[in-house]
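Peer 1: coords please:
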Amino acid sequence: MTDPAQILPDDPLREEVAHFAEANDLARRARRLDEQPEFPWAEFKAMGAAGWLGLTVPSGEGGRGLSLQRAGVVLQELAYRAGTAFAKLCLQPEFSSILRVHGSDRLRAHYSEPLLRGLVLVGNHITEAGAGSDLSGIRTTARRSDDSIVLSGIKTQVAFAADAQAAIVYARTEGGAHGLSAFLVPQDLAGIHREVIGDLGERWMRRGTVRYDEVRVPLENQVGDSGRALEYLKTELTHERALLGAIYLGVARASWEETVREVGKRQVFGGPLSDQEAVSFPLVEDATRLSSAWLYVYHVLGCLDRGERADDTAAMGKWWATEVALTAIDHAIQFHGGRGYSKDLPHEQRWRDVRSGLLAHGTAEVMHRVAAARRWPRPRGGDSARPTTPS
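Peer 2: Numbers count the residues shown, from 1 in each chain. Just a heads-up that it's a prediction; the model follows:
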């Protein structure tokens, strides 16, 4: 049996990640953020100073300039060391790549560049009630009034609802299924109302609802061309999905390793718990699935690095990695006995945090729809004109 860690590339960045995580006590901090949710500004700034923000952003623009494959290795290692929180923070510039790629020089200077240094947090406001996977249901409007854009609408399930200083807001500017545009909106403008909700996991994100009540945004804060926001979002989401798969596998690898050690030393019925096939067999299956899921995700990232279309495989990579990770963590909870179900150990938090992977950035059902649509393309017109979360 090959341990999941043995198939990772021997990249020097893994050691650099390990040193950074230990020096900043990220594992302990991640547990604390679950108990007392807040945005980790100190760690965010430290990550920016150390160059961990914007892994795939070109070095000439302030990022690390890594390939997607190397970024996947970094993210899995960081998630292994400290859970989902700080690995996902690494991706904040990628989550906002529309701003860096299509924003004006002024917007990049004021928001994209500081984001890479951990000095400003930029959120993404896409989802609405009735418009999560099916973005044709977006009702937030953006109408021009003199030299301003006036935004009206309610965004739900918003990450960093309480903490982001600015957000990329997706709103309707035209009729039809694809008439969406994007705007960079400072979150201290008049008419913005923010409310935090309680979450099962990843509580540090402080997700919530943001209401835009006739909010006036400078016209020059539009990001890219009118009506092309979905097009811009497509590439961003495909990359995100594959990279998120690497994060979830890293978290599960930590639980798997800890469980292997536990069952090897815990004594039951006159021998180690690992002697019980009901325990050892699921763990070797988990090792096989974790390894194979990583090889799949790593392959998808390589395809994207080569410029190949991989919207379908990225979607399924995210889904499969999440499913595999949840199963492995669930076994960790089970085989640690009662303590596994308690807050004494990190497995229950890991499970709650990883569970978001079946919902965020495209639900599991939408991931299947994206893959199926690539295999069996639909004729133009009818339902095919209604865009789901872009592939």
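Peer 1: what's the domain layout of this structure?
Peer 2: Each domain of the chain is listed here as a residue range: 4-116, 122-227, 230-385, per automatic domain parsing.
Peer 1: mind putting those in JSON lines, mean pLDDT and mean neighbour count included?
Peer 2: Quick note: C-beta positions are derived from backbone N, CA and C, even for glycine. Listed next are the domains of the chain as JSON lines, based on pLDDT from 0 to 100; neighbours: other C-beta atoms under 10 Å:
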{"stretch": "domain 4-116", "mean pLDDT": "96", "mean neighbour count": "19"}
{"stretch": "domain 122-227", "mean pLDDT": "94", "mean neighbour count": "19"}
{"stretch": "domain 230-385", "mean pLDDT": "94", "mean neighbour count": "19"}
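Peer 1: and for stretch 149-160, what's in contact with it?
Peer 2: The list of residues contacting stretch 149-160 from outside it, by C-beta atoms under 8 Å, 6 or more residues apart in numbering, reads 39, 121, 123-129, 132, 138-144, 167, 169, 171, 183, 185, 205-219, 221-222.
Peer 1: kindly format the C-alpha coordinates of that stretch as PDB.
Peer 2: Only the C-alpha atoms of stretch 149-160 are listed here, as PDB (Å, rounded to 0.1, in the frame of the first residue of the first chain):
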ATOM      1  CA  ILE A 149     -23.700  52.800 -11.400                       C
ATOM      2  CA  VAL A 150     -26.600  52.300  -9.100                       C
ATOM      3  CA  LEU A 151     -26.800  48.800  -7.500                       C
ATOM      4  CA  SER A 152     -29.900  47.300  -6.000                       C
ATOM      5  CA  GLY A 153     -30.300  43.700  -4.800                       C
ATOM      6  CA  ILE A 154     -29.500  41.200  -2.100                       C
ATOM      7  CA  LYS A 155     -26.500  38.800  -2.200                       C
ATOM      8  CA  THR A 156     -26.700  35.700   0.000                       C
ATOM      9  CA  GLN A 157     -24.200  33.000   1.300                       C
ATOM     10  CA  VAL A 158     -21.400  35.700   0.900                       C
ATOM     11  CA  ALA A 159     -18.000  34.700   2.300                       C
ATOM     12  CA  PHE A 160     -16.400  37.500   4.300                       C
END
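Peer 1: from Arg350, how far off is the residue lying closest to Gly83 once chain neighbours are set aside?
Peer 2: In space, Gly83 comes closest to Ala30 once its chain neighbours are excluded; the distance is 4.3 Å by C-beta to C-beta, 6 or more residues apart in numbering. Noted for Ala30: a distance of 9 Å to Arg350, by C-beta to C-beta, to the nearest Å.
Peer 1: shared neighbours, the two?
Peer 2: Gly83.
Peer 1: other residues contacting the helix or strand encompassing Arg28?
Peer 2: Using DSSP states H and E, Arg28 sits within helix 26-35. Applying C-beta under 8 Å, 6+ apart, the external contacts of helix 26-35 come out as 20-21, 40, 43, 78, 81-83, 85-86, 201, 203-204, 346, 349, 353.
Peer 1: recalculate using a threshold of 10 Å.
Peer 2: Defining contact as C-beta atoms under 10 Å, 6 or more residues apart in numbering, one finds that helix 26-35 is touched by 17, 20-21, 25, 38-40, 42-43, 46-47, 78-87, 201-205, 254, 343, 346, 348-350, 352-353.
Peer 1: with just CA atoms, put it into PDB.
Peer 2: Output of helix 26-35 as PDB, limited to C-alpha atoms (Å, rounded to 0.1, in the frame of the first residue of the first chain):
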ATOM      1  CA  LEU A  26      -1.300  27.800  11.900                       C
ATOM      2  CA  ALA A  27      -2.700  24.500  13.100                       C
ATOM      3  CA  ARG A  28      -3.500  25.800  16.500                       C
ATOM      4  CA  ARG A  29      -4.800  29.100  15.100                       C
ATOM      5  CA  ALA A  30      -7.200  27.200  12.700                       C
ATOM      6  CA  ARG A  31      -8.700  25.400  15.700                       C
ATOM      7  CA  ARG A  32      -9.100  28.800  17.500                       C
ATOM      8  CA  LEU A  33     -10.800  30.400  14.500                       C
ATOM      9  CA  ASP A  34     -13.500  27.700  14.600                       C
ATOM     10  CA  GLU A  35     -14.200  28.500  18.300                       C
END
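Peer 1: can you classify Val169 as helix, strand or coil?
Peer 2: strand (DSSP: H, G, I helix; E, B strand; the rest coil).
Peer 1: test my guess that it contacts Ile98.
Peer 2: No - Val169 is beyond contact range of Ile98, at 11.3 Å (criterion: C-beta atoms under 10 Å).
Peer 1: overlap in contacts, the two.
Peer 2: In contact with both Val169 and Ile98: Asn124, Ala182, Leu184, Val223, Ala229, using C-beta under 10 Å, 6+ apart.
Peer 1: biggest separation within the residues you listed, which pair?
Peer 2: Maximum pairwise distance in the shared contacts of Val169 and Ile98, criterion C-beta to C-beta, is 12.1 Å, between Leu184 and Ala229.
Peer 1: mutual contacts of the two, please.
Peer 2: Ile98, Ile168, Val169, Gln222, Val223.
Peer 1: that older thread, beyond the helix holding Arg28, next helix or strand please.
Peer 2: helix 41-50.
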